[in-house]
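# Kindly return the folded structure for what I paste below:
(one chain, ligands or ions: 1)
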Amino acid sequence: MRGTIDVVVGAQWGDEGKGRVVDALGARVDIFARYQGGANAGHTVIVDGKKYVFHLLPSGMLYSGKTCVIGNGVVIDPEQLLTELRELQAQGKDRATLVISGAAHVVMPYHKIIDRAQEGARGMGKKIGTTGRGIGPAYVDKYARCGIRVEDLLDEAVLREKLEQNLDEKNSLLMKLYDEEPLAFDEIFDLALSWGGALAPYVGDASLVIDEGLSEGRGVLMEGAQGTMLDIDHGTYPFVTSSSPVAGGGCVSLGVGPLSVSRVIGVVKAYCTRVGEGPFPTEDTGADGEMLRARGGEYGATTGRPRRCGWLDLAALRYAVRVNGISSIALTKLDVLSGLDGIPVCKAYELDGKRLDHFPTNAGFQQNIVPVYEHHEGWKTDIAPCRTFGELPAQARQYVEFIEKQTGIPVNLIGVGPDRSQTILRDF
Ligand code: IMP
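Predicted coordinates for the structure are as follows:
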C-alpha cells in the first residue's frame, strides 16, 4: 500500500511547539521533510532531558534509519546548516540520512546584511521585527529569478557567473542606499565553494525521494516552520515572513500532489504568543502576559527576544483551520495555564461596534479588532503528571472540549510539560 503524508503546521504565530509534536509522531514516520523558511525558525526538542534546537535541520535527525529532506521551498544558510550537522555528528546523534534539494535557495552573506539594513531603515510602526537571518532578501532573489540555488554551489562556473551578477547589484544597493561597505567577491566565492563541497554528499531530488518512499509504503511528515498568521499570503501582511507556512506550501515546496496528504495536524499553544511586530488581538501587555511569558519560558529560540503573550484566539484558530484544512489539533503547553483563577478565551471580535465572527483579512481591520472574550474556570492542580485525558481536572478537560466545539476539530495530542513523556495522546 502507498504510504501516507501528515503535515504539521503552526496554527498561530509560530513557536507553537511543532518540534515536540513531530517528535511524538516520530516512530511512525520514515521521511521527515521541512518545507519552507530557513534559519529564522527554531525547533526545540527535548529528549531524555537534553534540549536540542534545530534551525534548519528537520527534527527527525535524531532518529536512526530515517530520512530527512529539506525541500525546494526552504532557504538555506549553509553556515548554519553545517554547524548544526557538525554538532550532531560530534555527539554521534546524526542518525538519519539527509537529502537537501538542489533547487533550494541559498541565504548569502549579503542577504543578512540587507535584511538588517532594511529593517534599520524602516521607520516607527513600519518595522517587521525580522530575525535578521536574511530570509526576506533571499526569497526576494528567488522570485526575482536571480537567486543562487544549492546546486549552483556545486558548479564553479555557474556560481562565479551568478555571484558576479548578484554582487554587482547588491554592492551598489548596500553602498548607495544603506551606506554599507561593499563585499569582496573572492571571499564570498571561496566560502560558497567550500559550502558546495561540504553539502555535495547530501544534495538530491526532494520530490523523487518522497515519491519513492510513498511507493514503498513509507510514512512521510511534512514539517512546517513559523505559523499560519506569519504566512506571506494568509498572515497579517506585511508583518509576516516571506514564505508559505500553511499546509499547501508543503505540497508546493516538496513537489507532492495535494491528494497525497491524509492528515493536517495544526499545532496550537494553549495561549498565544508572537515575536516581532504586527497585529495580535489577544495580546496581554499587563501582569498576566508577563506571567505567561515567565511560566511558559516565552523567549525566541532563534533570537532570544521576549515573546509577546496573550490569550487563546479561537476566531484566529478557526481561520487557521480553514486556510490549512486542519483535521487534527495538537494542543501544547496546557500546563502553563495551571493555577489561574480564570482563563479568557477569544471567540469573536468587535470592530467599530460591530461583531466579527471571522478573523478579518484586511490589514487595517486586523490592527483594530477588539477581542470578545469568554471566561473559563481555571484549575489549581499541577497537570504535568497526567498521562490520560481522564486524569486532567474537569476544568482543563472543559477547556480542551471548548476548543474542539469552537473549531469542529478533535484535539488528539495535549502537551502537559516540556519532556517527551509529558504528552496525552487521544487517537493520535
Ligand atoms: P523573518 O522571517 O526573519 O523575515 O521575520 C518576519 C517575521 O516572522 C518577524 O515577526 C519574526 O519575528 C517572525 N518569525 C520568523 N521566524 C519565526 C519563528 O520561527 N517563530 C516565530 N516568529 C518567527
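# okay but residue 389 is in contact with residue 399, surely?
No. Judged on C-beta atoms under 8 Å, residue 389 makes no contact with residue 399 at a distance of 11.8 Å. For glycine as for every other residue, the C-beta is placed from the backbone atoms N, C-alpha and C.
# Who has more neighbours out of those two?
Legend: neighbour count by other C-beta atoms under 10 Å for residue 389 and residue 399, higher for residue 399 (23 against 15).
# Against residue 275, how distant is the more buried one?
25 Å (C-beta to C-beta, to the nearest Å).
# cool, and residue 85?
Separation of residue 85 from residue 275 (C-beta to C-beta): 26 Å.
# And those two? Which one has more around it.
It is residue 275, of residue 85 and residue 275, that has more neighbours when counted by other C-beta under 10 Å, with 24 against 18.
# I'd guessed that one sits against residue 309; true?
No. Counting by C-beta under 8 Å, residue 275 stays clear of residue 309, with 10.5 Å between them.
# and the spatially closest residue to residue 227 that is not a sequence neighbour, what are its bridge partners?
Leaving out its chain neighbours, the residue that sits closest to residue 227 by C-beta to C-beta, 6 or more residues apart in numbering is residue 10, at 3.0 Å. For residue 10, the beta-bridge partners under DSSP bridges are residue 267.
# ok, residue 10 touching residue 231?
No. Using C-beta under 8 Å, residue 10 is not in contact with residue 231, being 9.4 Å away.
# Name the residues contacting each of these two.
residue 245 (C-beta atoms under 8 Å, 6 or more residues apart in numbering).
# and the residue of the stretch 201-350 of the chain nearest the ligand?
Closest contact between the stretch 201-350 of the chain and the ligand, by C-beta to the nearest ligand atom, is at residue 276 (2.2 Å).
# My guess is that residue contacts residue 241. True?
No. When contacts are counted by C-beta under 8 Å, residue 276 is not listed as touching residue 241 (9.1 Å).
# With neighbour numbers in mind, choose between the two.
Taking other C-beta under 10 Å, residue 276 and residue 241 do not tie; residue 241 has more neighbours (26 against 22).
# Phi, psi for that one please.
As for residue 241, its main-chain torsions (degrees, to the nearest 10) stand at phi -90, psi 180.
# Now do the residue nearest in space to the middle of the chain against residue 41, distance only.
Nearest to the mean C-alpha position of the chain, by C-alpha atoms, centre = their mean, lies residue 225 at 1.9 Å. According to C-beta to C-beta, residue 225 and residue 41 sit 4 Å apart.
# Could I get the buried residue list for stretch 288-304?
Residues 288, 289, 292, 293, 295, 296, 298, 300, 301, 302, 303 are the ones in stretch 288-304 that count as buried (16 or more other C-beta atoms under 10 Å).
# Check the separation of the first and last residues in it.
20 Å (C-alpha to C-alpha, to the nearest Å).
# Same question for stretch 275-286.
End residues of stretch 275-286 are separated by 17 Å (C-alpha to C-alpha).
# next SSE after the lowest-mean-pLDDT helix or strand in the chain?
Ranking every helix and strand in the chain by mean pLDDT, DSSP states H and E puts strand 43-47 at the bottom, with a mean of 73. Once the chain leaves strand 43-47, the next helix or strand it forms, by DSSP states H and E, is strand 50-54.
# State the helix or strand in which the residue in the stretch 1-150 of the chain that the ligand sits nearest to lies.
Here the residue of the stretch 1-150 of the chain nearest the ligand is residue 14; by C-beta to the nearest ligand atom that distance is 2.9 Å. Assessed by DSSP H and E, residue 14 sits outside every helix and strand.
# all strands of the stretch 151-300 of the chain, in order?
203-204, 220-223, 261-269, 272-274 (DSSP state E, counting those that start in this stretch).
# out of everything not next to it in sequence, what's closest to residue 32?
Distances taken as C-beta to C-beta, 6+ apart place residue 60 nearest to residue 32, at 3.0 Å, with adjacent residues excluded.
# What are the boundaries of the helices in the stretch 251-400 of the chain?
287-296, 314-324, 363-368, 394-407 (DSSP state H, counting those that start in this stretch).
# next one: the stretch 1-150 of the chain
Taking DSSP H, counting those that start in this stretch as the test, the helices found in the stretch 1-150 of the chain are 18-25, 78-90, 109-121, 135-143.
# Within range of the ligand, give me the residues from the stretch 1-150 of the chain.
Residues of the stretch 1-150 of the chain found near the ligand (C-beta under 6 Å from any ligand atom) are 14, 15, 40, 41, 42, 128, 129, 130, 131, 133, 135, 136.
# Just send those back as TSV, with neighbour count and pLDDT too.
Output for those, formatted as TSV (neighbours: other C-beta atoms under 10 Å; pLDDT from 0 to 100):
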residue	neighbour count	pLDDT
14	31	96
15	28	94
40	30	94
41	30	92
42	19	86
128	18	94
129	16	93
130	22	95
131	26	94
133	24	96
135	26	98
136	22	98
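# Same list (those) but as TSV, adding distance to residue 68.
Shown next, in TSV, are those (distance: C-beta to C-beta, whole Å):
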residue	distance to residue 68
14	21
15	21
40	19
41	14
42	17
128	30
129	29
130	26
131	22
133	20
135	20
136	25
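# Now for those residues: which two are most distant?
Spanning the widest gap among those are 15 and 136, at 18.9 Å by C-beta to C-beta.
# Quick one: end-to-end distance for stretch 280-293.
OK, stretch 280-293 end separation, C-alpha to C-alpha: 15 Å.
# Just confirm yes or no for it near the ligand.
No. Using C-beta under 6 Å from any ligand atom, stretch 280-293 stays clear of the ligand, coming no nearer than 10.4 Å.
# sorry, back to before: got the contact list for the residue nearest to residue 32?
Residue 60 makes contacts with 22, 26, 29, 31, 32, 66, 67, 68, 96, 221, as judged by C-beta under 8 Å, 6+ apart.
# Same check on residue 365?
Contacts for residue 365 (C-beta under 8 Å, 6+ apart) come out as 351, 356.
# on that earlier part again, which residues do residue 225 and residue 41 both contact?
Common contact partners of residue 225 and residue 41 (C-beta under 8 Å, 6+ apart): residue 14.
# one step back: now tabulate the strands of the stretch 151-300 of the chain in a markdown table and tack on mean pLDDT.
Below are the strands of the stretch 151-300 of the chain laid out as a markdown table (pLDDT from 0 to 100):
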| stretch | mean pLDDT |
| --- | --- |
| strand 203-204 | 98 |
| strand 220-223 | 97 |
| strand 261-269 | 98 |
| strand 272-274 | 98 |
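# most packed of those strands?
strand 220-223 (a mean of 30; mean count of other C-beta atoms under 10 Å).
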